[in-house]
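[1] Got a predicted structure here, sequence first:
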Amino acid sequence: MTGALWELFFEGLWITIQLMVYSAALAAVVAFGIGLSRTSRFWIVRFLSGVYVEFFRGTSALVLMFWLFFALPLLGWQLVGIWAGTLALGLSYGAYGSEVVRGALQAVAPAQREAAIALSFSPWQRLRKVILPQAVPEMMPPFNNLLIELLKGTALASLLSIGELTFQAKLARLSTGQSAEIYGIILVLYFAVAFVMTRIMRVLERRAKASVGRSVPKGEGWFSRKLPVEKQGPEALATGGKP
Amino acid sequence: MPEILKGLWITIQATFYGSLVSFALGLVWAMALRSRSRWVTWPVSVFVEFVRNTPLLVQLFFLFFVLPGWGLTFAPLTTGVIGLGLHYSTYTSEVYRAGIDGVPPGQWEAATALNLPRRRTWIAVILPQAFRRVVPALGNYVIAMFKDTPLLAGITVADMLFQANSISATTFDYLEPITVVGILFVVISYPTSLLLRALERRLVR
């Protein structure tokens, strides 16, 4: 492994991280937008956002990415590779995220909503001051999972020949032929990024929970996948990780 | 269109065999993680974490280019099934874990009281009760796997996306084949997920 190869990898890693940040931002917007409209008073809003979720969860992110990159130009829009990747990942992971948002909103105790009504808060105040502060901490662990899924999804962009980590690995392999070493290193790099992301998200989760006066059970090991006790049982099946 | 349907058949085969591999391996991981020995649980949990947190596509490339170097030469589809199965086994192991945790502790205690050996406890008491709970969740992973099969096109498995690409390469028409593939995915995965939801309501009270 020469220095030039490492340079290639870090260049790719940087694009991977950019791709992840952009699509995570888009996914967050979509998740909150669609998640909130799924709890709307109007049936047509609920219906349309439901169609969105089922459609984007039903197709493969890779096929969507291919469609945006290869088929859309024929309809008159040509997207730069990285934007096609961002759009595909943001739209499909946003659909998964919207389910998380909806679940967390619905998990807020109904009495909280009633209390806010009794205090004659406007719907917007209700959402901003009562519902969201309680729902957001609930969203953190599933969002953490989704973020990792998103990071892994960025590898798909290599098939659009965007120069991210996986694509650079392909180049490196073609020039050196050392498949095992190169893909081994790439896997470790992805793992390292995922690991750091998970730790950051856990810190954020702890803070978010502390801000509403709840504590996160300690004693999670570095590699342990144990869920907090309250989450075990059949409900945990639904949140087994991958959406 | 006939090529895409041929691709669909490959896609379904990959999903089916991949599911079998992941269901079997997932159970192995889940039971290994409950072992009393650290020498078993530690390496398994490191492996599971590692596989879960790295992209399937890179894992597929790894297997595709590395296995032949170790003297193991498989057809692309077999490599794809191994990759899919391994990757998803780390997810199904979580499902099994939750299913096993859902069995009331009294059942373990009763098995101890009856002096059942550990293996009989697993086979006769715990697993039958756990399985009923995990079926719908496992089904969700089958759908997820189905949607991940286009990645196999990256290692030259002639699945739907691969076929669509080769049609596009000859006709220069990208819009139609890829749109058809996208729609086929929705048409298959959505009713399946509805079915699973119905099943879930029946099995998990």
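    Looks like it arrived, so ask away. These figures come from a predicted structure and were not determined experimentally.
[2] for chain A, what spans make up the helices?
    Counting by DSSP state H, residue ranges of the helices within chain A are A:3-37, A:43-58, A:61-66, A:81-107, A:110-118, A:123-125, A:132-153, A:165-176, A:179-211, A:234-238.
[3] which of these is buried the deepest?
    Each of these was scored by mean neighbour count; the highest is helix A:61-66, a mean of 26, by mean count of other Cβ atoms under 10 Å in any protein chain shown. Every C-beta, even on glycine, is put in place using the N, C-alpha and C of the backbone.
[4] Now that helix: average pLDDT?
    Per-region confidence: helix A:61-66 scores 88 on mean pLDDT.
[5] ok, and what's touching that helix?
    With Cβ atoms under 8 Å, 6 or more residues apart in numbering or on different chains as the test, helix A:61-66 has contacts from A:56, A:84-85, A:88-89, A:91-93, A:153, A:156-157, A:159-160, B:147-148, B:150-151, B:161, B:164-165, B:178, B:181-182, B:185.
[6] Tell me the pLDDT of residue B:50.
    Looking at residue B:50, its pLDDT stands at 93.
[7] oh sorry, the question was meant for residue B:170
    For residue B:170, the model assigns a pLDDT of 85.
[8] which SSE is it in?
    For residue B:170, the host element (DSSP states H and E) is helix B:160-171.
[9] Going by contacts, tell me the helices and strands next to whichever helix or strand comes after that helix.
    Where DSSP H and E defines the elements, the next helix or strand beyond helix B:160-171 is helix B:175-203. In terms of contacts (3 or more Cβ pairs under 8 Å, 6 or more residues apart in numbering or on different chains; DSSP states H and E), helix B:175-203 is packed against helix A:43-58, helix A:61-66, helix B:2-33, helix B:127-148, helix B:160-171.
[10] Determine how far the shortest one lies from the middle of the whole chain.
    How far helix A:61-66 lies from its chain's middle: 16 Å, per Cα atoms, centre = their mean, to the nearest Å.
[11] Any figure for the gap between residue B:58 and residue B:175?
    Relative to residue B:175, residue B:58 is positioned 30 Å away (Cβ to Cβ, to the nearest Å).
[12] quick revisit: could you dump the helices of chain A to a markdown table with distance to residue B:41?
    Output for those, formatted as a markdown table (distance: least, Cβ to Cβ, whole Å):
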| stretch | distance to residue B:41 |
| --- | --- |
| helix A:3-37 | 31 |
| helix A:43-58 | 34 |
| helix A:61-66 | 33 |
| helix A:81-107 | 30 |
| helix A:110-118 | 41 |
| helix A:123-125 | 49 |
| helix A:132-153 | 22 |
| helix A:165-176 | 31 |
| helix A:179-211 | 19 |
| helix A:234-238 | 19 |
